[in-house]
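Q: sequence first, then the predicted structure:
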Amino acid sequence: MDDQTKLKNEVMGRIVGTAQIRRRATAVITTGLVSIVVLYLLSLTMGSYPVSFSEALDQIVEIVTTGGNPSEMSGKVIFNLRMPRELAVIMVGAGLAIAGAVMQALIHNPLVDPYITGVSSGASFGVMLITISGLVTTSISTLWMVPAAGIVGAIAAFALTMVVAEAAGGRAMSYVLGGTVIGLGLSAGTTLIMSLNADHLENIASWMFGSFAGVEWNEAVLITVPIALIIGVVLVNARRLNVMLLGEDQAMYLGMESRRFKRNMLLLISVLTAFCVSFCGVIGFIGLIVPHLCRMVVGGDNRVLLPTSMIVGPVVLMLADVFCRSFTVGELPIGAIISVIGVPFFVYLMVKEGKRYAM
Amino acid sequence: MQCDDRPVLRVSNVGFGYKDERTLVDISFEIGRGEFVALMGPNGSGKTTMMRCINRIMSVDSGRIEIDGQDISALTMQEISRMCTTVPADTALDFSLSVRDYVSLGRSPYIKTIWWEDEEDERLIGDAMWDLGVAAYANRRLQELSSGERARVLLAKGIVQTPKLLLVDEPSAHLDIKYKVQIMEILRDLSRKGLTVLIASHDINLLTRFCDRILLLSKGRIVDYGLPGDVVSESSIEEVFGIKVKVVEEGGTIYVLPTGSAGYDPGV
């Protein structure tokens, strides 16, 4: 072997290639899934009604053997309240983090979040309308209307944004500007109508702050199934999303119908975000900060970044949720808690990274 | 079997316009296999539009573009991307992609599984990075490189895409003199190995020194197409670029020196 070949082999040996990236992705997913299961079990013990870890495990065995009919109080608390609630927390955490990572890839801007296309304002508007309509009473049979109105509002807002953005040329920036304007308009509408219906203020505000308090098994299933499906579709497209990072033109040079792909993805992500916010309210910052944080650590390859975000999102949201419901006097709104932690972190990011993005 | 004297690129009577403005008017030319051709002209002469039409980022209003004998209007983007690609002047840097990650994206049109590159892809990626001297910093992130290093990374991505026709858009715009020459040498060597290269630039002296033929564009029309020595003259440059120049010869290559004044007035 001559010197040149030897040198080449040595340099090539140091390159982090497909094999290493695959190993890294596998390691991340495995450790992540294990830590989510552990955290899930731990979260079942925490809250205003204390349950020890061994008792929780006993109760889980009991729940499984009785087919969801535990006899003891601790078992009932775990099965009826904490299990569905934490499942929803995991799914919403994963959904928002994935939605944020994909949005950042499509818009080519690491500082956008899943709400950039007006989805959250649309959901709020929908929830506000249904609340003041008086159709939703304290009766259980009408409660489904709130998330349904949220989903309809969110998707309608995205449809409006899409119409505006496509009319303005359909580029990524058209979606950012269109979504911002539609979002502002809907927020203003929400504020106006709310101010004229002050008696409903409390109900709407509690939804807007974000909370998992009302989530039971029905809601948990309705959240889990669509979010899991959409995340699956997104993961299949991870490599295409890498191509989209380069911008629409370069993606076309690489053979992608980038306009169509971007439109389909934006639609999918908006539906995903709609399911995330409609049951539990608008939870900010997860979709912005989790992907950004993960990108700093594992790099920008979506085949590693998306699984990582999908795991870090739930972990952060579970920690926040456990914190929120550890108070005996009442529960703190999780959306607000996340934002309280998120704002200083975001300011730090802006100061440290902002110059690079020419803001 | 494919016949080797068939042109890799044939542009016939192509026209393109935005609204009322004609950007390209009745453009026809051919480029043969392994040729290194320059698309030369001042800002706004239609160079970039021409390149975008050839890669079908934009569709022509009239006329026909064939790559390797196939009318591109009948092909999918993926089919086109396996025959022709564009090396952009620069790329977005905000996403913490490593050099290797970026170059590997050049294999996208060929990926067989949903996620991963295979051994063949891996070998092409490694070889392209080695050949262009960027393998040593394959693990560094794109934004950590100098412009000169990055220009070679952009080229490496184009090469792993294994096109028949490589379009290069303003590669030297923000490079210093050494790297400008280096990029041109790389492109010339690639064309000697059989790759057809079309480069858009207004850097006259680099183009006359390295390119086989020059296509001179002005206001969307072809002014001349031929050997550098035939196309570039004091009169043709003055006509197209609107400035007096002196053409000198040094070692068989011609160089253009701007001797006149460009002049400017406060808005006509």
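A: Right, received. Where do you want to start? The model shown is predicted, which means the values in this text are computed figures rather than measured ones. Numbers count the residues shown, from 1 in each chain, chains lettered A, B, ... in the order given.

Q: low-scoring stretches of the chain, by residue?
A: Let's take chain A. Per-residue confidence of chain A (counting by pLDDT under 70) places the weak regions at A:1, A:137-142, A:328-329, A:349-350, A:353-359.

Q: oops, chain B please
A: By pLDDT under 70, the low-scoring segments of chain B are B:1-4, B:93-94, B:267-268.

Q: residues in contact with the closest residue to chain A within it?
A: Sorted by distance to chain A under C-beta to the nearest C-beta, the residues of chain B start with B:Ser81, at 3.0 Å. C-betas here are computed from N, CA, C, even on glycine. Residues in contact with B:Ser81 (C-beta atoms under 8 Å, 6 or more residues apart in numbering or on different chains) are A:Met252, A:Tyr253, A:Leu254, A:Gly255, B:Ser108, B:Pro109, B:Gln161, B:Pro163.

Q: what do you get for B:Ser218?
A: Contacts of B:Ser218 were listed using C-beta under 8 Å, 6+ apart, and they are B:Gly41, B:Pro42, B:Ser45, B:Glu239, B:Val240.

Q: please name the bridge partners of it.
A: B:Arg221 (DSSP bridges).

Q: among the contacts of B:Ser218, which lie within helices?
A: Within the contacts of B:Ser218, residues falling in helices by DSSP state H are B:Glu239, B:Val240.

Q: PyMOL command for the buried members of the contacts of B:Ser218?
A: The buried residues among these can be selected in PyMOL (16 or more other C-beta atoms under 10 Å in any protein chain shown) with this line:
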select buried, chain B and resi 41+45+240
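
Q: out of the contacts of B:Ser218, the closest to A:His108 would be?
A: If you rank the contacts of B:Ser218 by distance to A:His108 using C-beta to C-beta, B:Ser45 comes first, at 28.9 Å.

Q: chain neighbours aside, what residue packs nearest to the closest one?
A: Using C-beta to C-beta, 6 or more residues apart in numbering or on different chains and skipping the chain neighbours, the partner closest in space to B:Ser45 is B:Leu217 (4.4 Å).

Q: B:Asn43 now?
A: Closest residue to B:Asn43 apart from its sequence neighbours, by C-beta to C-beta, 6+ apart: B:His202 at 6.9 Å.

Q: what's the burial count for that neighbour?
A: Using other C-beta atoms under 10 Å in any protein chain shown, B:His202 is surrounded by 19 other residues.

Q: that one contacts B:Met40, correct?
A: Yes: under the criterion of C-beta atoms under 8 Å, B:His202 is in contact with B:Met40, at a separation of 6.6 Å.

Q: common neighbours of those two, please.
A: With C-beta under 8 Å, 6+ apart as the test, B:His202 and B:Met40 both reach B:Lys47.

Q: give me the three-state assignment for A:Leu201.
A: On the three-state scheme (DSSP: H, G, I helix; E, B strand; the rest coil), A:Leu201 is labelled helix.

Q: mind listing the strands for the stretch 151-268 of chain B?
A: Taking DSSP state E, counting those that start in this stretch, the strands of the stretch 151-268 of chain B run over residues B:165-169, B:196-201, B:213-218, B:221-226, B:245-250, B:253-258.

Q: kindly compare burial across these and name the winner.
A: Among the strands of the stretch 151-268 of chain B, the stretch with the highest mean neighbour count (mean count of other C-beta atoms under 10 Å in any protein chain shown) is strand B:196-201, at a mean of 26.

Q: what lies in contact with that strand?
A: Strand B:196-201 is contacted from outside by B:8-9, B:31-40, B:47-48, B:50-51, B:54, B:164-173, B:187, B:190-191, B:207, B:211, using C-beta under 8 Å, 6+ apart.

Q: can you list contacts of the helix or strand that A:Asn242 is a member of?
A: When elements are assigned from DSSP states H and E, A:Asn242 belongs to helix A:238-244. Contacts of helix A:238-244 with the rest of the structure, by C-beta under 8 Å, 6+ apart, involve A:102, A:105-106, A:108, A:234, A:250-251, A:254, A:256, A:258, A:261-262, A:265, A:300-303, A:306, B:97, B:101, B:105, B:108, B:111, B:114-116.

Q: measure A:Ala167 to A:Tyr115 for me?
A: In this structure, A:Ala167 and A:Tyr115 are separated by 21 Å, where distance is defined by C-beta to C-beta, to the nearest Å.

Q: these two: which is more packed in?
A: Set side by side, A:Ala167 and A:Tyr115 show more neighbours around A:Tyr115, with 27 against 10, by other C-beta under 10 Å.

Q: thought that one was touching A:Gly287?
A: Yes: look at A:Tyr115 against A:Gly287 with C-beta under 8 Å: they come within range, at 7.1 Å.

Q: joint contacts of those two?
A: Common neighbours of A:Tyr115 and A:Gly287, counting by C-beta under 8 Å, 6+ apart, are A:Thr273.

Q: burial of A:Leu160, as a residue count?
A: Around A:Leu160 sit 20 other residues, with neighbours defined as other C-beta under 10 Å.

Q: residues in contact with it?
A: Taking C-beta under 8 Å, 6+ apart as the definition of contact, the neighbours of A:Leu160 are A:Gly118, A:Gly122, A:Ile182.

Q: surely the first one touches A:Leu177?
A: No: under the criterion of C-beta under 8 Å, A:Gly118 lies out of contact with A:Leu177, with a separation of 10.9 Å.

Q: return the residues in contact with the residue sitting nearest the centre point of chain B.
A: For chain B, the residue sitting closest to the mean C-alpha position, by C-alpha atoms, centre = their mean, is B:Val168 at 2.0 Å. Residues in contact with B:Val168 (C-beta under 8 Å, 6+ apart) are B:Thr86, B:Val87, B:Leu155, B:Gly158, B:Leu187, B:Val197, B:Leu198, B:Ile199, B:Ala200.
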